[in-house]
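Asks: any chance you can model this:
(one chain, ligands or ions: 2)
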Amino acid sequence: MNPDLVIRNARVLTCDPSRFGLGMVDRGAIAIRAGVIEWVGPDADRPGATRVVDAGGRLVTPGLVDCHTHAIFAGDRANEFAMRAAGKTYLEIAAAGGGIGATLGPTRAATDETLVALLLARLDLALAAGTTTMEIKSGYDLTVAGELRLLRCIAAAGRRPAPRIVPTLLAHLVPPERKADRSAYIIELRDQLIPQVATDKLAASVDIYCDEGAFTLAETRSILGAAKIAGLPVRGHVGQFTDLGAAELLADLAALSADHLEQITDRGIEQLASAGVVAVMLPGACVQLRLPVPPVEKLRAAGVLMAIASDLNPGSSYCEQLPLQMWLATTHYGMTVEEAWLGVTRHAAKALGLPTGGTLQADVQADLIVWACDDPATVPYRYGAASSLIESVYVGGVRCGMAVS
Ligand code: NIG
Ligand code: FE
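Replies: Ligands and ions are numbered 1, 2, ... in the order given. Modelled structure (predicted):
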């Protein structure tokens, strides 16, 4: 039986690890059946199909995977952006009552309908810039009932076919009203929230913000330990401001990813490499907070796989567009174009525990982008122009109607 769809006459950037580099098939074609890729190869060898799309020699890539976002929140913090532009730091603003704490009030006060509508609008923008899979963290309520509510709202938004959603429970901070009984709050996370999230299958992993002003290393060990006992994989925000040794802990726990990493020791890098933990680069937040660049050369030399994500959040990076992050990763972090592509495809999927995600190869879901250009470098090079560079996006072999053009 013929495939449902063949996309032909394409420069297919497969990101297939069994091919060289980015796995480019220059005059290539892709055959899709029932939402899944059946075959990728030379155009001349393509099978017949019910429907054929001629890509006109243009670039076809995997759909982009945004592996680190805080996309569910209400309100904004444009005032903090202006304060930072005038010279205040993120930590100074947080200590004065801004920061994550300032998003708790509006998020707690918003109805489920409002939160879902705000999230869907952000998902539309992300999809229009090529994101077909998005990780979304909770973390802007911080009560047990409120974090469960955020994860249920994420699940409600995830009922739409595109982008695909991967939910994460984030232990973001001890909320201001629990500062006096910090250890009781942590016990609640361990004994109530995490087991409930695991039972209700509301998150695919547990994340924690281990840094100055957030959770300590000992608290991180305790919370992530509870996640492992509940059968949930772990990840962490580590070394954004201060290295508390969490990279080493994440390596010990065989975490999916270690994110930020502006501050990390050589020992931390070695341990991430040997444990196969993906390093998630968040250049938008790094640039906006004027932080030092993570040690990309050392990560590369140690063989640590690097992903790139938007960190979409109302404080440090209010941005839905991965191609912009690819631009920052190449121009500001010194990553190559090849690393930037793998960072938003195959390596990002690995950070989400999706082993064959972010690739175009047989037996993988047909999430792909037909670009309006033919050179992979054009995508970061023409920064800010993502939606006009995208010809069409397919999720599960179905062409998405662009909500935003
Ligand atoms: O990844 N660093 C912690 N969390 C976010 C910022 C969240 C916020 O400021 O609202 C981050 O940068
Ligand atoms: Fe983050």
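
Asks: list the buried ones in the worst-scoring helix or strand of the chain on mean pLDDT?
Replies: With mean pLDDT, DSSP states H and E as the measure, the helix or strand of the chain carrying the lowest mean pLDDT is helix 386-389 (a mean of 90). Neighbour counts over helix 386-389 (16 or more other C-beta atoms under 10 Å) mark 386, 387, 389 as buried. In this view, the C-beta of every residue, glycine as well, is placed from N, C-alpha and C.

Asks: so what's the closest residue to ligand 1 within the stretch 201-350 of the chain up against?
Replies: Relative to ligand 1, the nearest point of the stretch 201-350 of the chain is residue 315 (2.2 Å; C-beta to the nearest ligand atom). By C-beta atoms under 8 Å, 6 or more residues apart in numbering, the contact list for residue 315 reads 77, 80, 90, 99, 100, 103.

Asks: SS state for it?
Replies: State at residue 315, reduced to three classes by DSSP: H, G, I helix; E, B strand; the rest coil: coil.

Asks: how close does it get to residue 260?
Replies: 13 Å (C-beta to C-beta, to the nearest Å).

Asks: check residue 367 too.
Replies: Counting by C-beta to C-beta, the gap from residue 367 to residue 260 is 27 Å.

Asks: which residues does residue 215 bridge with?
Replies: residue 210 (DSSP bridges).

Asks: doesn't residue 223 make contact with it?
Replies: Yes - Residue 215 is within contact range of residue 223, at 7.0 Å (criterion: C-beta atoms under 8 Å).

Asks: neighbour count winner among the two?
Replies: Counted by other C-beta atoms under 10 Å, residue 215 and residue 223 do not tie: residue 215 has more neighbours, with 26 against 23.

Asks: pull out the buried residues from whichever strand or helix holds residue 251.
Replies: Element membership of residue 251, judged by DSSP states H and E, is helix 246-252. The neighbour-count check on helix 246-252 (16+ other C-beta under 10 Å) flags 246, 247, 248, 249, 250, 251 as buried.

Asks: tell me what it is packed against?
Replies: Applying 3 or more C-beta pairs under 8 Å, 6 or more residues apart in numbering; DSSP states H and E, we find helix 246-252 packed against helix 217-229, strand 235-238, strand 257-260, helix 266-275.

Asks: one step back: can you lay out the buried residues of helix 386-389 as JSON lines showing distance to ligand 1?
Replies: Shown next, in JSON lines, are these (distance: C-beta to the nearest ligand atom, whole Å):
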{"residue": "386", "distance to ligand 1": "22"}
{"residue": "387", "distance to ligand 1": "25"}
{"residue": "389", "distance to ligand 1": "27"}
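
Asks: what's downstream of the least confident helix or strand of the chain, the next helix or strand?
Replies: strand 390-395.

Asks: can you give the strand pairings for the helix or strand just after that following strand, parallel or anti for each?
Replies: Scanning forward in sequence from strand 390-395 by DSSP H and E, the next helix or strand is strand 398-399. Next to strand 398-399 in the sheet, as set by DSSP bridges, lie strand 390-395 (antiparallel).

Asks: pLDDT on the strand it pairs with, on average?
Replies: In this model, strand 390-395 has a mean pLDDT of 98.

Asks: ok, residues contacting it?
Replies: When contacts are defined by C-beta under 8 Å, 6+ apart, strand 390-395 is touched by residues 32, 55, 58, 63, 127-130, 132, 161-164, 366-372, 399-400, 402.

Asks: just the CA coordinates for it, please, in CSV.
Replies: What follows is strand 390-395, C-alpha atoms only, in CSV (Å, rounded to 0.1, in the frame of the first residue of the first chain):
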residue,chain,number,x,y,z
ILE,A,390,8.6,28.9,7.5
GLU,A,391,6.6,27.6,4.6
SER,A,392,4.6,24.9,6.5
VAL,A,393,4.7,22.8,9.7
TYR,A,394,3.5,19.2,9.9
VAL,A,395,2.7,17.5,13.2
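
Asks: buried ones in it?
Replies: 390, 391, 392, 393, 394, 395.
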